[in-house]
Each structure stands twice: as structure tokens, then as C-alpha cells.
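# Dropping a prediction and its sequence here:
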Amino acid sequence: MFQRLLFNLWYLRKPPWDSGISPPELIEFIRTHPPGRAIDLGCGTGTNVITLAKAGWQVCGVDFASRAIRLAKTKLKRERLTADLRVGDVTRLNGINAPFDLALDIGCFHSLSAAGKRDYLTQLERILAPGGFWLLYAFFKTDTLQPGPGLTEADLNLISPVLLLRSRQDGFDRRGRPSAWFLFQKS
């Protein structure tokens with residue numbers, strides 16, 4: 001509950017992660033894959049929902065910050081685009097109808113608890129179409145003994161039985177933390 005309140009407060013201003021620009025990794029995915037159904041998990045104010053919709057994708061966006069979803073709906077209306085935007089929990093995805101050809105996650109999965117990550121992956125496996133993709137961006141947790149967000153090797157081990165890793169591009173985020181883009185595919 002505290003985290004939900006904190007995120008809503010961040011959206012009273014511009015949160016540091018809300019650049020308003022879709023990343024080149026998403027643009028490249030769109031360029032190399034035909035439009036289908038996509039879900040943006042942790043969609044924030046809808047920047048990537050809009051990018052996908054403009055490229056012909058049917059898009060659903062989910063975020064637990066109601067203020068972010070309100071802002072996303074305003075942006076969609078201004079662009080004269082349609083998408084299914086919902087306030088929701090990515091570990092439950094109640095009422096979300098599968099299948100999706102693409103699940104996009106830019107910084108959501110790595111912020112979940114260990115139990116949340118397991119529940120998220122259960123939902124992801126349920127909603128992804130056979131052959132569907134999960135495009136994930138996450139930063140790594142450099143000190144696994146400290147609480148807080150970040151991807152660990154244990155998290156990657158949770159993913160491998162569910163989805164096949166197609167590509168990984170390592171780098172650093174704006175704060176200098178090790179991070180990576182992953183492309184997984186459901187068999």
C-alpha cells in the first residue's frame with residue numbers, strides 16, 4: 001500500500017523513469033515483428049502503449065498507480081488512439097484476456113518481491129501466446145543482502161524454466177547500475 005501511494009505521489013510531478021521516449025530496443029522489436037496484441041506491464045503514463053498503438057498493435061497497459069493510468073488515458077485521447085488501460089496488479093492480472101504476442105516490461109519486474117516475481121511469471125506464462133515474446137529491461141541488484149529493487153541471478157533462474165532467452169544486451173542505467181535488455185520467448 002505504501003509503495004502504491006509513493007508511486008502515485010511521484011506522478012504528481014515527472015518521475016525519473018518517465019522519459020516520454022520509447023527506447024530503441026522497443027522500436028527495433030516493432031520494426032522486426034508484425035503487429036499483434038501487446039501488453040505493457042507497468043505502463044506508467046503510456047509512452048510505450050502509444051508507440052505500439054501507432055505501429056498498429058492492439059495494446060493493453062497495466063499499472064498500479066491510478067494517477068499514471070489517468071495521465072496515459074489523457075495522452076491516448078490527445079493522440080486519438082485507443083488502448084485498454086487498467087489500474088491493476090501485474091502479479092494478478094485479473095480480467096486480462098490472453099493471449100498476447102508481446103509483453104513489455106521496462107522496470108517493473110525488478111521492483112517486485114521474490115514472491116511477486118514468481119506470481120508475475122505465472123501470469124506471464126498464462127497470458128503469452130505460444131511463440132510470444134517478453135521484452136524486459138531491468139537493472140541488477142549489486143548487493144543482494146540489501147533490500148530493494150533489482151534483478152538477481154536467482155530471478156534469472158526463475159525465468160529459464162518458463163521462457164527461452166533469445167537475446168541479452170548488458171549495459172548501465174543512468175545511475176551507473178548494471179542493467180540489461182532481455183528478449184525471452186515462450187515455446
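Okay, I see it. Residues are numbered from 1 along each chain as shown.
# And what about G131, helix, strand or coil?
What DSSP: H, G, I helix; E, B strand; the rest coil gives for G131 is strand.
# How about the contacts made by it?
101, 185-187 (C-beta atoms under 8 Å, 6 or more residues apart in numbering). Using the backbone N, CA and C atoms, a C-beta is placed for each residue, glycine as well.
# now, which of these lie within strands?
Using DSSP state E, the members of the contacts of G131 that fall in strands are 101, 185.
# Kindly write the ChimeraX command that selects the buried subset of the contacts of G131.
This is the ChimeraX syntax for the buried subset of these, where burial follows 16 or more other C-beta atoms under 10 Å:
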select :101,186
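# From the contacts of G131, pick the one nearest L158.
Nearest to L158 among these is K186, at 14.7 Å by C-beta to C-beta.
# got a list of what the residue of the chain most remote from its centre touches?
The centre of the chain is farthest from one residue, L145, which by C-alpha atoms, centre = their mean lies 25.1 Å away. By C-beta under 8 Å, 6+ apart, L145 lies in contact with nothing.
# Over to L135?
Applying C-beta under 8 Å, 6+ apart to L135 gives the contacts 25-26, 29, 102-105, 181-183.
# number of nearby residues for Q169?
Applying other C-beta atoms under 10 Å, we find 11 residues neighbouring Q169.
# immediately after the least confident helix or strand in the chain by mean pLDDT, which helix or strand?
Scoring the helices and strands of the chain by mean pLDDT, DSSP states H and E places helix 2-10 at the bottom, with a mean of 57. Downstream of helix 2-10, the first helix or strand assigned by DSSP states H and E is helix 24-32.
# Other residues contacting that next one?
With contact meaning C-beta under 8 Å, 6+ apart, helix 24-32 is reached by 48, 51-52, 55, 57, 102, 104, 106, 133, 135, 137, 169, 181, 183.
# Could you do stretch 108-122 as well?
Outside stretch 108-122, the residues within contact range by C-beta under 8 Å, 6+ apart are 41-42, 90-92, 136, 138-139, 141, 149-151, 154-155, 158-159, 162.
# coming back round to it: so the residue farthest from the centre of the chain sits in a strand?
No - counting by three-state DSSP, L145 is not found in a strand; it is coil.
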